[in-house]
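# I would like to see how this sequence folds:
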Amino acid sequence: MKIKWWGHACFEIKGEENIVIDPHDGNSVGLEKPNVEASIVLVTHDHYDHNATDIVSGNPIKISELGYTSMRGVKINGVKTYHDKSKGERRGENIVYNIDINGINFCHLGDLGHELDQKKIREIGKVDILFVPVGGNFTINAEEAKKVVEEINPSIAIPMHYKVPGLNIPIDRVEKFTELVSNVSRVSNPYNVPKKLPQETKIKVFNP
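So this is what the prediction gives:
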C-alpha cells in the first residue's frame, strides 16, 4: 500500500481500494487541487477545508458518520470527538476514523481539538498508522499532539494540518512538533507502507 499526502489533512491510501480522507479543493486553502480517484471518501467534519468530496472522481461511497461500517473489504470505525476544548461549542464535532485495511489500522484524527482520555483511546482501538494534526490554533498544538501520539502509541505517526508554502490558514509549522519528538525522518510522497511495521513509534514527515 501507498499513502499520498495532498496537503493539509487530505490523504489518499492506495491499495486494492483507493480511500481519500478529508479532501480540500486546493484553491480555497492556497494549495494544489488534489487529483484523486477513490472508491471510498471519508469526511471527519463539515468544514470547507475537509469536505470537498466533489473533487474526488470515481463515484466514491461517501462516509461522514459515527459507528462501524464495512464495505469493499474495508472496516471503518467512526468515533465522536470535538473540534475544540469545549465539547464542540466553538467549532462543532469531529469524527476520528480507524480504518482497517488488510489488517493494518490507519487512524485519521481529523481536526481534533482536545486531548483524548483513556476511554476514548480504547474506543478508537488499535492503531498502526496515525495521521495527527500538529499545527494548533484550530486543532491540538504541538505539545498536545506529542501527548496524543504517546498515548495512542502507533507504529508510525504522520503529522498533518500544519503550515506549508502557499497555505492560507494561520497554523504553526511542523518543526514545532518535530522538535519535541524523537525518531523523526522525512519520507517521499507517496510513501510505501512497510510490510513490517516498527515496534517503536516512528515519526514520518512527508515531503510536500
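
# Gly125: what's it in contact with?
Asn77, Asn98, Asn105 (CB atoms under 8 Å, 6 or more residues apart in numbering). The way it works is simple: take the backbone N, C-alpha and C, and place the C-beta from them, glycine included.

# ok, and what's touching the helix or strand hosting the last one?
Secondary structure here is read from DSSP states H and E; on that basis Asn105 sits in strand 104-108. Contact partners of strand 104-108, identified using CB under 8 Å, 6+ apart, comprise 1, 9, 11, 13, 21-22, 42, 44, 96-99, 124-131, 152, 154, 193, 197.

# strands paired with it, and their directions?
Here strand 104-108 has these sheet partners by DSSP bridges: strand 93-101 (antiparallel), strand 129-133 (parallel).

# Can you dump the C-alpha atoms of that strand in CSV for me?
Output of strand 104-108 as CSV, limited to C-alpha atoms (Å, rounded to 0.1, in the frame of the first residue of the first chain):
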residue,chain,number,x,y,z
ILE,A,104,-3.4,-2.6,9.1
ASN,A,105,-5.2,0.1,11.1
PHE,A,106,-5.0,3.6,9.8
CYS,A,107,-6.3,6.3,12.2
HIS,A,108,-7.1,9.8,11.0
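
# got the residue ranges for the helices in the chain?
118-124, 142-152, 175-178 (DSSP state H).

# could the contacts of Gly125 be laid out in CSV, adding pLDDT and neighbour count?
Formatted as CSV, the contacts of Gly125 follow (pLDDT from 0 to 100; neighbours: other CB atoms under 10 Å):
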residue, pLDDT, neighbour count
Asn77, 98, 20
Asn98, 99, 21
Asn105, 98, 19
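
# tell me which of these is nearest to Val205?
Asn105 (20.8 Å; CB to CB).

# what's the distance between the closest residue to the closest one other than its chain neighbours and His47?
For Asn105, ignoring the flanking residues on the chain, the nearest one in space by CB to CB, 6 or more residues apart in numbering is Asp128 at 4.7 Å. Distance of Asp128 to His47, given as CB to CB, to the nearest Å: 27 Å.

# re earlier: my guess is the residue nearest to Asn105 contacts Pro154. True?
Yes - taking contacts as CB atoms under 8 Å, Asp128 lies within contact range of Pro154: 6.0 Å.

# the more surrounded of these two?
Pro154 (22 against 18; other CB atoms under 10 Å).
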